[in-house]
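Asker: Next come a sequence and a model predicted from it.
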Amino acid sequence: MQLNPPAQFSTEPSPFQRFTREAWSDLADSTPLPLTGEDVERISSLGDPMDLAEVDAIYRPISALLQMYVNSARRLSHDRHYFLREPHRPPVPFIIGVAGSVAVGKSSTARLLRELLRRWPNTPRVQLIATDGFLLPNAVLNERGIMAKKGFPESYDRMALMKFMADVKSGQSGVTAPVYSHLTYDIVPGEHEVVNQPDILIVEGLNVLQAARTAKDQTGAVAVSDYFDFSIYVDADQDHIESWYINRFLKLRSTAFSDENSYFRAYANLTDEEAVARAHDIWNTINLPNLTDNILPTRERATLVIRKGADHRVRELRLRKI
């Protein structure tokens, strides 16, 4: 049977192949959908609406595509060991990076992909790690005078994150990552997540696609993204992301902010007008500069760019050409 190629937006030279929503959803015909509506509702984050139709049209083909990449990586690893006459070793984890702005929906995307990928027979063990756990503790950020730049590249323990990535990619078992609490807005002392040789590890974070930063006259620097086998950037217009951030801020007043242990407890009793003003201020002074200066410039380094419209629905996808 001859398959018609999916429609694409432009024939201009580009390292990416573009797909409309409709063209991409056509790729789902031969791919199973193992999730239920209840699964999707549980995975979706506050302010990021997602339903089974969106999963069916967009994320089901992505999960199938990722399986092809995983299988190809395993075949290459096997052939390489055979060619070099190395002893047989279990395959190292296939690592997927998921990047994007605050409030764009990258956490929901990462959680959804975890659930889809772990239902494929070849990858039953899928883990998800957020780089929030590698943020410097608040005490250190305050000491360095960069508390207002939390989430910027300089606010992370880069050495710890790089060691974590290297250990995972070398196939070590029992690799640990610190735990971050969004309630207390800080690292949880003494708590760790354990990554134990999964088939796939998804690493989600604001700046995970950044290139290596080197000092003058230094060479050979390594970036977190160097350990990725596939990377995804979740994209949208800045005005839309700002609107989503403000709406999420308003909803959090009656949920997380109202908890007596919340770092943002003082925001729980703000009026709508006060909350909108405060959210605008946080967006304009912290989240927007981080997006424009640090996050958005990494978009073109992704393997797949998922672009959303104002309603959170995916409108187009750009897949890097092989």
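Answerer: Now that the structure is in, tell me what you want to look at.

Asker: need the contact list for Pro87.
Answerer: By CB atoms under 8 Å, 6 or more residues apart in numbering, Pro87 lies in contact with His81. All C-beta atoms are positioned from the backbone trio N, CA, C, and that covers glycine.

Asker: Regarding it, what is its secondary structure?
Answerer: coil (DSSP: H, G, I helix; E, B strand; the rest coil).

Asker: now it: how far from His81?
Answerer: 8 Å (CB to CB, to the nearest Å).

Asker: Backbone dihedrals for the nearest residue to Lys308 once chain neighbours are set aside, both of them.
Answerer: Excluding its sequence neighbours, the residue lying closest to Lys308 (CB to CB, 6 or more residues apart in numbering) is Ala236, at 4.3 Å. Backbone torsions of Ala236, given as degrees, to the nearest 10, read phi -170, psi 160.

Asker: okay, now Val55: neighbour count?
Answerer: Using other CB atoms under 10 Å, Val55 is surrounded by 24 other residues.

Asker: Helix, strand, or coil at it?
Answerer: Applying three-state DSSP: Val55 is helix.

Asker: Quick check: it vs Tyr233, distance?
Answerer: The value you get for Val55 to Tyr233, if CB to CB is used, is 19 Å.

Asker: Could you do Val140 as well?
Answerer: 29 Å.

Asker: Please say which of those two ends up with more neighbours.
Answerer: The neighbour comparison of Val140 against Tyr233 (other CB under 10 Å) goes to Tyr233, with 26 against 14.

Asker: circling back to that earlier point, isn't the residue nearest to Lys308 up against Arg313?
Answerer: No - between Ala236 and Arg313 there is no contact under CB atoms under 8 Å: 10.4 Å.

Asker: out of those two, which sits in the busier spot?
Answerer: With neighbours defined as other CB under 10 Å, Ala236 and Arg313 compare such that Ala236 has more, 23 against 15.

Asker: For the more buried one, list the residues it contacts.
Answerer: When contacts are counted by CB under 8 Å, 6+ apart, Ala236 touches 101, 104, 244, 307-309.

Asker: Out of these, list just those in strands.
Answerer: Among these, the members falling in strands (DSSP state E) are 307-308.

Asker: and the gap between Arg89 and Arg318?
Answerer: Counting by CB to CB - Arg89 and Arg318 are separated by 35 Å.

Asker: more crowded one of the two?
Answerer: Arg318 (23 against 10).

Asker: Any idea which residue is closest to the centre of this protein?
Answerer: Val98 (2.4 Å; CA atoms, centre = their mean).

Asker: Would you mind measuring from it to Arg301?
Answerer: Val98 is 13 Å from Arg301, by CB to CB.

Asker: Quick check: neighbours shared by these two?
Answerer: Overlap between the contact sets of Val98 and Arg301, as judged by CB under 8 Å, 6+ apart, is given by Ser231.

Asker: tell me what the helix or strand bottoming out on mean pLDDT in the chain is packed against?
Answerer: In the chain, no helix or strand scores lower on mean pLDDT, DSSP states H and E than helix 37-43, which sits at a mean of 74. Counting contacts by 3 or more CB pairs under 8 Å, 6 or more residues apart in numbering; DSSP states H and E, helix 37-43 packs against helix 52-54, helix 106-117.

Asker: What lies in contact with that helix?
Answerer: Here helix 37-43 has contacts from 50-52, 54-55, 108, 111-112, 115, using CB under 8 Å, 6+ apart.

Asker: Quick check: pLDDT value at Thr219.
Answerer: Thr219 carries a pLDDT value of 50.

Asker: How about Gln2?
Answerer: Here, the pLDDT recorded for Gln2 equals 42.

Asker: hey, where'd the strands end up in the stretch 201-322 of the chain?
Answerer: 230-235, 304-308, 314-320 (DSSP state E, counting those that start in this stretch).

Asker: Any idea which of the ones you listed gets closest to Tyr180?
Answerer: Between Tyr180 and the strands of the stretch 201-322 of the chain, the shortest gap by CB to CB is with strand 230-235, which sits at 19.6 Å.

Asker: who does the closest one pair up with?
Answerer: strand 94-100 (parallel), strand 304-308 (parallel) (DSSP bridges).

Asker: residues near Leu84, how many?
Answerer: Using other CB under 10 Å, the number of residues around Leu84 comes to 7.

Asker: shift numbering so it begins at 23
Answerer: Sure, I'll start numbering at 23, so the last one becomes Leu106.

Asker: Now do it against Ser99, distance only.
Answerer: On the measure of CB to CB, Leu106 and Ser99 end up 11 Å apart.

Asker: again, but for Gln260
Answerer: Taking CB to CB, one finds Gln260 at 40 Å from Ser99.

Asker: what does Met181 give?
Answerer: Counting by CB to CB - Met181 and Ser99 are separated by 28 Å.

Asker: ok, the two, which is more surrounded?
Answerer: Taking neighbours as other CB under 10 Å, Met181 and Ser99 compare with Ser99 leading, 15 against 9.
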